[in-house]
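# Structural data only, the sequence is not supplied:
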């Protein structure tokens, strides 16, 4: 199996892909190609991947390149986790939107900002898909680039490449629904939950007790109706918004309300972004790069710095 990761410079998604391929699934005799526009980043991530494979004794071909077409030739799976000039362009959008009085529209997936972000992301990923049509027409494109629903829709509608999108917005946890069960005093392993919607806009359809089969949706709704509307503390803010939307829209949101608000008009008690909504600031990224260099050089245990994301496209690609 040949797996290509485009956007290997992502210090959140790339480590997850490396660990899933080499540690969790131990895909021996496979090939992993890491692609980024920054040669230094490609070399860094390749070095880390090789160090993990060496430590775990997994026989896998690992290489890095800035040449996308070279990487895509004969690929079976292509993962895209790239945001074109993400921070720079988000700041440009914010400055313009603030100047015209709609700074709250500086959003990643919804609103005017989400539309502008869509134009950039779709342009990039469509170029990748067109290259795939020529170089690996049977490969599947696994997308974690936002706005994910719009990106995946564009690929599936206007190219011959099959695409699947990944986001954990409804889970609010690394492995299953972490938040929703707490509303009915349950643990995630004790309930069956079904949600549906878009990335950053998911809603609860059903929740049942696994052991008894009892429908718990009315319990969730009653819990929200009990929320004190005069308590605007941070601990109560999330539930306050959920109650407001349940009364107005008749549905229970599954993800964090600040994410959901991207798709709605300006709301009370929502924290709108005034800085780029990407993982880690520049100080954190600089520190992470330093630590990762130590990993690539064998001076630091990769388990100490390889913090995984909650999206796992590799699980689907090997199924």
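Arrived safely, thanks for sending. Note that this is a predicted model, so its numbers are computed, not measured.

# Excluding chain neighbours, what is closest to the most centrally placed residue in the chain?
In the chain, the residue lying closest to the centroid (CA atoms, centre = their mean) is residue 167, at 4.5 Å. Among residues not flanking residue 167 along the chain, residue 199 sits closest, at 4.3 Å (CB to CB, 6 or more residues apart in numbering). All C-beta spots, glycine's among them, are computed from the backbone N, C-alpha and C.

# what do you get for residue 139?
residue 75 (4.8 Å).

# ok, now residue 260?
Spatially, and ignoring its direct neighbours in sequence, residue 260 is nearest to residue 253 (5.1 Å; CB to CB, 6+ apart).

# residues touching the one you found, list them.
Residue 253 makes contact with 202-204, 242, 245, 260, according to CB atoms under 8 Å, 6 or more residues apart in numbering.

# Can you add neighbour count, distance to residue 121 and pLDDT and give those residues back as JSON lines?
Formatted as JSON lines, the contacts of residue 253 follow (neighbours: other CB atoms under 10 Å; distance: CB to CB, whole Å; pLDDT from 0 to 100):
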{"residue": "202", "neighbour count": "21", "distance to residue 121": "20", "pLDDT": "95"}
{"residue": "203", "neighbour count": "18", "distance to residue 121": "24", "pLDDT": "97"}
{"residue": "204", "neighbour count": "24", "distance to residue 121": "28", "pLDDT": "98"}
{"residue": "242", "neighbour count": "22", "distance to residue 121": "29", "pLDDT": "97"}
{"residue": "245", "neighbour count": "20", "distance to residue 121": "27", "pLDDT": "96"}
{"residue": "260", "neighbour count": "24", "distance to residue 121": "20", "pLDDT": "94"}
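
# Residue 145 and residue 89, how far apart?
Note on residue 145: its distance to residue 89, by CB to CB, to the nearest Å, is 13 Å.

# What of residue 123?
12 Å.

# ok so, going back, tell me the secondary structure of the residue nearest to the centre of the chain, please.
Using DSSP: H, G, I helix; E, B strand; the rest coil, the structure places residue 167 in coil.

# May I have the residues that are in contact with it?
Listed by CB under 8 Å, 6+ apart, the contact set of residue 167 reads 144, 146, 148, 199-200, 311.

# Specify which member of those is nearest to residue 118.
residue 146 (8.7 Å; CB to CB).

# which stretches of the stretch 201-319 of the chain have low pLDDT?
280-281, 306-308 (pLDDT under 70).

# Show me where it has its strands.
201-209 (DSSP state E, counting those that start in this stretch).

# Residue 5 belongs to a strand?
Yes: using three-state DSSP, the assignment for residue 5 is a strand.

# Can you give me the neighbour number for it?
A count of neighbours around residue 5, defined by other CB atoms under 10 Å, yields 29.

# That one pairs with what?
Residues in a beta bridge with residue 5, per DSSP bridges, are residue 34, residue 79.

# State the distance from it to residue 200.
Taking CB to CB, one finds residue 5 at 23 Å from residue 200.

# C-terminal to the biggest helix by length in the chain, what's the next element?
Using DSSP state H, we find that the single longest helix of the chain is helix 111-135. Per DSSP states H and E, the first helix or strand lying C-terminal to helix 111-135 is strand 140-143.

# From the chain's centroid, how far away is that following strand?
In terms of CA atoms, centre = their mean, to the nearest Å, the centre of strand 140-143 is set 13 Å apart from its chain centre.

# Show me what it pairs with in its sheet, parallel or antiparallel.
Using DSSP bridges, the strands paired with strand 140-143 in its sheet are strand 77-80 (parallel), strand 162-165 (parallel).

# most neighbours per residue, which of these?
Ranked by mean neighbour count, the strands paired with strand 140-143 are led by strand 77-80 with a mean of 27 (mean count of other CB atoms under 10 Å).
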